[in-house]
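Chemist: Quick check, what structure comes out for this input:
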Amino acid sequence: MSNYYEYLHTVGFEETNLVGNVYYVNYLSWQGRCRELFLKSKAPDVLADLQDDLKLFTLKVDCEFFAELTAFDELSIRMRLIELAQTQLEFGFDYYRLDPHGESLVARGRQRVACMRGPNTRTEPSRVPEALLRALEPYSLGTAEVGRVA
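Modeler: Alright, predicted model coming up:
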């Protein structure tokens, strides 16, 4: 079993700019999509909790680009747990272009998420839900490598 959650994606024309390259904001959108599909397939209890009062606030995102992508490129977006704190998580995303000759890393990103609870007018930090911790366990860099912050 691999230590990342994988989202496979085919780039569409609507994700490119006027010169045919993928518009940068799509890389961030794919991070969100990968995280959503992870929750749907690996942590459905967390989705139910989101319908109640749990909120996952994205605090920070970034992406570093190594090569350009164009329409119909096949991608593997691989998500890992980078850091775990009491109320926050940081995910790493590696973007690989897949082709018959193999794969190549085209971008790398991160996303920091805070867990909050309460009504929209008064949310407060909340511990990372146990169901989410269990679901993420196979996708961490390893217990020795994941930064655990009190």
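
Chemist: what about the longest strand in the protein?
Modeler: Longest strand of the chain, by residue count under DSSP state E: strand 102-117.

Chemist: Give me the contacts around whatever helix or strand comes next after it.
Modeler: Going down the chain from strand 102-117, the next helix or strand is strand 124-125, by DSSP states H and E. Residues outside strand 124-125 that contact it (CB atoms under 8 Å, 6 or more residues apart in numbering) are 87, 114-118. From N, CA and C alone the C-beta is placed, and that goes for glycine too.

Chemist: Could you grab the helix/strand/coil label for residue 41?
Modeler: helix (DSSP: H, G, I helix; E, B strand; the rest coil).

Chemist: quick one: it and residue 135, what's the gap?
Modeler: 9 Å (CB to CB, to the nearest Å).

Chemist: more crowded one of those two?
Modeler: residue 135 (20 against 11; other CB atoms under 10 Å).

Chemist: how close does the more buried one sit to residue 105?
Modeler: On the measure of CB to CB, residue 135 and residue 105 end up 25 Å apart.

Chemist: can you check residue 87 too?
Modeler: From residue 87 to residue 105 the distance is 31 Å (CB to CB).

Chemist: So for those two, which residue has more residues nearby?
Modeler: Comparing residue 87 with residue 105 by other CB under 10 Å, the one with more neighbours is residue 87, at 15 against 12.

Chemist: what about the closest residue to the more buried one other than its chain neighbours, how many residues close to it?
Modeler: Counting by CB to CB, 6 or more residues apart in numbering, residue 125 is the residue found nearest to residue 87 once chain neighbours are left out, at 4.3 Å. Residues lying near residue 125 (other CB under 10 Å) number 14.
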